[in-house]
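Peer 1: Here's my sequence, what's the structure:
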Amino acid sequence: MTSRSISTLQRFLRSEGSVLADTIPMSAAFVDRIGATTTRSAIRRLRPGYRLVSGPFVSTSDTLAGDPQYGFPCPWITNHYRRGGKAWAGYHSSADVPRLLSPAGLATVTLSSASYLVYLANAGNRELLEIAESETHRVIQQIRRLRKADRAEYERLQHHVTIDRLKRWMRDGSRAEVLSLLNGMESAVGRSGPRPGPASRRYASYSRLPRRTRPITPTLENSREPMATQIRETGLPGWTLFWADGSRSIAAIAKLVSQELEREVSPETVSRFFEAHESLGYVDLPPVARSPRRPNRRPG
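Peer 2: Next up is the predicted model:
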């Protein structure tokens, strides 16, 4: 690459900004707000010419470490995206040369990442309560504006995961008091917003509880046919597999994925997704429960 083209690319990257991608949807989302706060602070302090752009979860071999099975959420900071969410054409190629690096950009990423880690590593009861109060206030304000009960349930679930994860930061001392406060916040969220009605018959037939049996997700390029094709045809992201914790039904997962993707996903589609994963050995999917047959009554 010429010096001119390198200079043009560096200006382009600075104008586009650094992307802070959210952690995986079924993980504790409070880390997304902490990551955004430390990154904005580092940008204001070092003035590298970048701006912060927040975005949804992006599946890579690195970010799958946010799999809730491992117990730690994982936001991801990067600047290799072009407009429209497409990676720069030279990414991971011979065009990706050291001259493209921005010392100020590297310093900003280092400072924001280190601040994020140091803050969480030193957090105690006071910090966890501050985070929990902030998340609770945000969720309550958000679901009070909602009209759809499914979206409210999705927000309540994410808040529950956040509160449950924050309990790991409890230090010795007033543990009972902290637990009482956290439980009170979760109760407040539970009382807010629209409530779901009774399950429709359409969903009731998808009551099986899929359970993951392996970490991460299968690589479809190396998976057997026709299961790989069946998974692709569902159009669902690979991390849909992470909702299968053995306690959520296919119908419930269909509702969660619909909220995550912001489009209607049918239980039938989710069922085909998990059936294919069962064939590959990634899911235990119990058979459909059959209603007991009524004994024939003899006339008399």
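Peer 1: how about the helices of the stretch 201-300 of the chain, start to end?
Peer 2: For the stretch 201-300 of the chain, applying DSSP state H, counting those that start in this stretch gives helices covering 201-204, 227-234, 250-261, 267-280.
Peer 1: cool, the stretch 51-200 of the chain as well?
Peer 2: Per DSSP H, counting those that start in this stretch, the stretch 51-200 of the chain carries helices over the ranges 103-121, 125-144, 149-166, 175-190.
Peer 1: Using PDB, write down the CA coordinates of the last one.
Peer 2: These are the backbone C-alpha positions of helix 175-190, laid out as PDB (Å, rounded to 0.1, in the frame of the first residue of the first chain):
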ATOM      1  CA  ARG A 175     -24.100 -10.000  53.000                       C
ATOM      2  CA  ALA A 176     -27.700 -10.400  54.300                       C
ATOM      3  CA  GLU A 177     -28.400  -6.700  53.800                       C
ATOM      4  CA  VAL A 178     -26.900  -6.700  50.300                       C
ATOM      5  CA  LEU A 179     -28.900  -9.800  49.300                       C
ATOM      6  CA  SER A 180     -32.100  -8.200  50.700                       C
ATOM      7  CA  LEU A 181     -31.500  -5.000  48.600                       C
ATOM      8  CA  LEU A 182     -30.800  -7.000  45.400                       C
ATOM      9  CA  ASN A 183     -33.900  -9.100  45.900                       C
ATOM     10  CA  GLY A 184     -35.900  -6.000  46.400                       C
ATOM     11  CA  MET A 185     -34.600  -4.500  43.100                       C
ATOM     12  CA  GLU A 186     -35.600  -7.700  41.300                       C
ATOM     13  CA  SER A 187     -39.000  -7.600  42.800                       C
ATOM     14  CA  ALA A 188     -39.500  -4.000  41.700                       C
ATOM     15  CA  VAL A 189     -38.600  -4.900  38.100                       C
ATOM     16  CA  GLY A 190     -41.000  -7.900  38.300                       C
END
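Peer 1: can you pull the contacts of the closest residue to residue 127 other than its chain neighbours?
Peer 2: What sits nearest to residue 127 in space, not counting adjacent residues and going by CB to CB, 6 or more residues apart in numbering, is residue 169, at 7.0 Å. All C-beta atoms are positioned from the backbone trio N, CA, C, and that covers glycine. Counting by CB atoms under 8 Å, 6 or more residues apart in numbering, residue 169 touches 123, 124, 125, 127, 128.
Peer 1: returning to what we had before: so which of the helices of the stretch 201-300 of the chain comes closest to residue 20?
Peer 2: Judged by CB to CB, the one of the helices of the stretch 201-300 of the chain that comes nearest to residue 20 is helix 250-261, at 18.3 Å.
Peer 1: Please identify the deepest-packed of the helices of the stretch 51-200 of the chain.
Peer 2: Scoring these by mean neighbour count under mean count of other CB atoms under 10 Å gives helix 149-166 as the most buried, with a mean of 19.
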